[in-house]
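Q: Predicted model and sequence below, questions to follow.
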Amino acid sequence: MPGVTVSPLNRAFGAKITLPSYTNDPSKLNEEDFEELKKALLTYSVLVVPNQAGLSPESQYALTVRFDPTTGAHYGHDEKIFHSPLSVLAKDGKCVPRRPEVMMVGNGTFPAGHEGMKEFSLEHPSQSTFHKKVLTEEEIANHHTRFYRWHIDAALYEFSPPVVTTLLGVIVPPKTEKQVIYYEDSDEKLEVFTGATAFTSGKVAFSLLSEEDKKFALNTTVVYAPHPYIYIHNCRATSDGLTMVSEGKEMPLDKLPHWEESKLKKLPMVWTNPITGNPHLEFHSCCVYRLVNSTTGETVAELEKAREICHRLMRPAISPDHVYAHAWTEGDLCFFHNRGVIHSVTGEMPKDEKRLMHQCNVASGKDPK
């Protein structure tokens with residue numbers, strides 16, 4: 001009986017998966033086939049399984065946690081902090097009532113009945129509410145868009161970053177129109193279908209560094225702000241979505257919800273892939289607080305300089321040649337190694353444009369190394 005079939009995309013990362021004939025539910029793979037799937041995930045970083053429209057939240061959750069034996073039954077964020085009106089994530093989604101680790105994200109208003117929900121509305125993240133310099137009405141009319149926020153899925157306070165995120169396209173915009181990302185610091189541009197999810201590889205990002213920068217990255221720890229998504233609530237992002245503009249608008253530490261020094265996340269700038277052994281440049285520049293020397297603990301860059309350094313190191317990796325922008329087809333199940341890539345929402349959507357995704361990630365029991 002043929003097992004999992006892996007068909008690499010024609011690029012540095014990413015692959016399409018065909019499931020074996022005995023199941024169309026990836027959470028129900030036998031142990032041998034699941035190990036092949038896990039190996040493919042850690043090798044190719046982003047996997048797509050088509051025709052998963054009927055995948056239940058229970059199966060999506062079961063698949064997600066199967067990748068990480070250390071994980072607990074906790075969404076990747078503290079839900080109270082995630083939904084706080086002071087968090088930049090507050091409007092990002094709603095939990096499936098019976099399986100709250102699965103988050104519904106998207107755009108538009110949906111009638112009662114979906115996964116036990118009453119009528120509910122979702123709002124697609126927009127650069128117009130997050131970036132310092134926003135697109136003009138004319139640019140939007142001319143089909144411009146932006147990378148919204150490059151990130152890893154992680155609370156970056158108290159909880160360890162999830163190993164994998166699964167994302168199911170339940171309702172997606174038709175692939176009838178492309179939008180264009182223009183890079184402000186170059187002549188580059190990238191065409192994407194509306195609502196495409198953009199990925200870049202931490203392995204590729206590390207490989208693009210100079211030898212001096214590789215040495216720096218390997219010896220640097222990223223210290224994240226306490227409750228970072230509240231800390232940056234009043235800040236605005238750079239136009240490429242890589243980090244925040246430093247204007248002194250961060251919430252004072254004594255105004256944040258209660259936090260403890262011992263729960264701050266202090267993570268290496270480079271994470272090692274447990275299957276390939278490859279170094280991956282992995283950090284969330286929007287949430288960085290300072291950079292320290294991994295050996296001595298000495299601070300090497302405070303907030304503004306830390307943001308500048310992180311932006312400079314990661315910027316080459318988001319050039320068009322290194323970005324995979326997944327154009328969604330209804331029923332696509334995309335799962336990605338959350339410790340091997342960073343990703344971003346794209347797309348400008350009118351309020352009546354329907355998009356509904358089921359997203360699941362669960363906090364790990366161990367930090368990456």
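A: Perfect, thanks for sending it.
Q: Model confidence score at Pro69, please.
A: pLDDT recorded at Pro69 is 88.
Q: Next one: it from Gly340, what distance?
A: 18 Å (C-beta to C-beta, to the nearest Å). For every residue, glycine as well, the C-beta is placed using N, CA and C.
Q: Which one of the two is surrounded by more residues?
A: Gly340 (29 against 10; other C-beta atoms under 10 Å).
Q: from memory the more buried one sits against Thr276, does it?
A: No. The pair Gly340 / Thr276 is not scored as a contact, 9.2 Å apart, by C-beta atoms under 8 Å.
Q: what touches both of these two?
A: Any residue near both Gly340 and Thr276 by C-beta atoms under 8 Å, 6 or more residues apart in numbering counts here, and that gives Leu42, Lys203.
Q: check contacts around Leu167.
A: Leu167 touches Thr197, Leu333, Cys334, Phe335, Phe336, Met357, His358, Gln359, Cys360, counting by C-beta under 8 Å, 6+ apart.
Q: Need the three-state assignment for the fifth one.
A: When the structure is split into helix, strand and coil by DSSP: H, G, I helix; E, B strand; the rest coil, Phe336 lands in strand.
Q: Between the contacts of Leu167, which sits nearest Asn51?
A: Leu333 (8.6 Å; C-beta to C-beta).
Q: For the closest one, give me phi and psi.
A: phi -110, psi 110 (degrees, to the nearest 10).
Q: can you count the residues close to the spatially closest residue to it that is not a sequence neighbour?
A: Nearest non-adjacent residue to Leu333, counting by C-beta to C-beta, 6 or more residues apart in numbering: Gln52, 3.9 Å away. Neighbourhood size, Gln52 [other C-beta under 10 Å]: 23.
Q: Hmm, Gln52 is touching Phe335, no?
A: No. In this structure Gln52 lies outside contact range of Phe335 using C-beta under 8 Å: 10.3 Å.
Q: mind listing the helices in the protein by residue range?
A: Assigned by DSSP state H, the helices in the chain fall at 31-44, 57-66, 79-82, 137-141, 202-207, 211-218, 228-231, 303-314.
Q: Go through these and pick out the most buried.
A: helix 228-231 (a mean of 25; mean count of other C-beta atoms under 10 Å).
Q: on contacts alone, who are the packing partners of it?
A: Packing partners of helix 228-231 (3 or more C-beta pairs under 8 Å, 6 or more residues apart in numbering; DSSP states H and E): helix 79-82.
Q: Quick one: the strands in the stretch 151-300 of the chain, in order.
A: 164-171, 178-182, 189-193, 197-201, 220-224, 266-268, 270-272, 279-281, 288-293, 299-301 (DSSP state E, counting those that start in this stretch).
Q: how far is the fourth one from where the chain is centred?
A: So that's strand 197-201. A distance of 8 Å separates the centroid of the chain from that of strand 197-201, by C-alpha atoms, centre = their mean, to the nearest Å.
Q: can you check the fifth one too?
A: Distance, stretch centre to chain centre, for strand 220-224: 18 Å (C-alpha atoms, centre = their mean).
Q: where in this structure is pLDDT low?
A: By pLDDT under 70, the weakly predicted segments of the chain are 1, 72-84, 90-92.
Q: again, 80 this time
A: For the chain, applying pLDDT under 80 flags the ranges 1-2, 72-87, 90-92.
Q: Select the longest strand from it.
A: For the chain, the strand that runs over the most residues, judged by DSSP state E, is strand 99-110.
Q: got the buried residues for that strand?
A: Residues of strand 99-110 classed as buried by neighbour count (16 or more other C-beta atoms under 10 Å): Arg99, Glu101, Val102, Met103, Met104, Val105, Gly106, Asn107, Gly108, Phe110.
Q: swap in stretch 328-336?
A: Neighbour count says stretch 328-336 has Trp328, Glu330, Gly331, Asp332, Leu333, Cys334, Phe335, Phe336 buried, by 16+ other C-beta under 10 Å.
Q: In this structure Lys263 contacts Tyr157, no?
A: Yes. Lys263 lies in contact with Tyr157 (C-beta under 8 Å); the separation is 6.0 Å.
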